[in-house]
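S.K.: Provide a 3D model corresponding to the input given below.
(one chain, ligands or ions: 1)
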Amino acid sequence: MEILKTPEEMRAWRRALPVSLGLTPTMGYLHEGHLSLVRRSLAENEASVASIFVNPTQFGPNEDFDRYPRDEEGDLRQLRELGVDAVYLPSVETMYPEGYQTYVTVEGLSQGLEGRSRPVHFRGVATVVTKLLIAVGPDRAYFGKKDAQQLRVIRRLARDLDLPTEIVGCDTVREEGGLAMSSRNAYLSREQRAAALVLSRALAEAEARFAEGVRSAEVLRVIVSGTVGAEPQGELDYVSVADSETLAEIEGDIEGVALLSLAARFGPVRLIDNVTLGEGA
Ligand code: AMP
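M.R.: Model prediction:
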C-alpha cells in the first residue's frame, strides 16, 4: 500500500495507473461505516485510494477540530488489511499553504439544516472535496448517506464544476441498537451512548407512521421532537422534513421523496442522523 503525502505524489501515482480508480475521503478514526465505503470502492474499481485528512476549514471556531479523534497507525493498518492500493495523507500545510485564499461555495444547498448551525462547514467540505477530487482523479468517489446534506452538496459541486467523478452514496452503517456509527461516538459516555439510541428510535417511529399513511411534515417533526425531547440527556438542535433534492423544508404534506433529518447534542458530542421517506435516496 502506497502512502502519498502531496498532491504531486498523488497525481504522479494516479497517472501511472491505467485502470479505474475509486476514492473514499475520510477524516480518519475509521469505523465500520468508513470501511463499508472502502469495500464498495474495492468491489467497483480496479484500484482504490482512501484519504485521511482532518480538514480544519470545515470546523467552526468553537467546534472540535483540536480534539477530533485521531489514530493514523490504526487507520493505516485497517486500510492495508482491506487491500487499499494507496492512502492519500496530506498535511494541513500541504492542503492550505500560507496565503491560501480559494474556497468553493455551494450556495443554496449549504444554507439550511447543518448549515444553519454550522455556517462555515459546507464551504470547508466543498473546498476540501474539490481539492481531493482534483489531486486523486478518481472515476468514482464514495460518500455516506449518514451525512445526507454533505452528499447532496458534493453531488451538486461535481455537477456544477463538470468534475468527471461519479459520486456514489452509500447506506448508513449502524451499531447494534441503531446508533449511526460516527468517529465522534468515541466521546460518548456509556450513559450518553445509551441515551443517543433515542435518535434512531425517533426516526424509525416517524418512518413507521409514514408507512401507515401519515404525510404531514409537521406531524412527523412533532413525533420526532417529542421522542427526542423526552430523553433528558439529549438536547435537540433541529428536526427537519425537507424535499430530498432541494432540501427546502416541507410545510404541508410530503408529496415526493423527503429527507427526515435531525441533529442533537449528548454532552460534548453533536450527533446527526436521517432517514429517507418515500422512494429513492
Ligand atoms: P468522516 O470521516 O466522518 O468525514 O466520514 C467520511 C465518510 O464516511 C463520509 O462520506 C461519511 O458520510 C461516511 N460515513 C461516516 N459514518 C458513516 C456511517 N455510519 N455509515 C456510512 N457512512 C458513514
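S.K.: what does the domain assignment say about this protein?
M.R.: According to automatic domain parsing, the chain comprises the domains 2-170, 183-276.
S.K.: need the residues of the stretch 51-200 of the chain near the ligand, please.
M.R.: With Cβ under 6 Å from any ligand atom as the criterion, the stretch 51-200 of the chain meets the ligand at residues 143-144, 146-147, 170, 172-173, 180-183. Glycine gets a C-beta too; all of them are placed from N, C-alpha and C.
S.K.: Average pLDDT for the helix or strand hosting residue 203, rounded please.
M.R.: Assigned by DSSP states H and E, residue 203 falls within helix 197-211. The average pLDDT within helix 197-211 is 98.
S.K.: Give me the buried positions along it.
M.R.: 198-203, 205-206, 209-210 (16 or more other Cβ atoms under 10 Å).
S.K.: neighbouring contacts of the helix or strand that that helix is followed by?
M.R.: The helix or strand immediately downstream of helix 197-211 is helix 217-229, counting by DSSP H and E. Outside helix 217-229, the residues that touch it by Cβ atoms under 8 Å, 6 or more residues apart in numbering are 198-199, 201-203, 205-206, 209-210, 214, 234, 236, 239-241, 249-254, 258, 260, 262, 264, 277.
S.K.: thinking again about what came up before, among the residues of the stretch 51-200 of the chain next to the ligand, show me the least confident.
M.R.: By pLDDT, residue 183 ranks lowest within those, coming in at 94.
S.K.: Next, count neighbours for the spatially closest residue to that residue that is not a sequence neighbour.
M.R.: Once flanking residues are discounted, residue 183 sits nearest to residue 29: 4.0 Å by Cβ to Cβ, 6 or more residues apart in numbering. Residue 29 is flanked by 20 other residues according to other Cβ atoms under 10 Å.
S.K.: need the helices for the protein, in chain order.
M.R.: All helices of the chain, identified by DSSP state H, fall at 7-15, 32-44, 72-82, 92-95, 114-117, 121-136, 148-160, 190-195, 197-211, 217-229.
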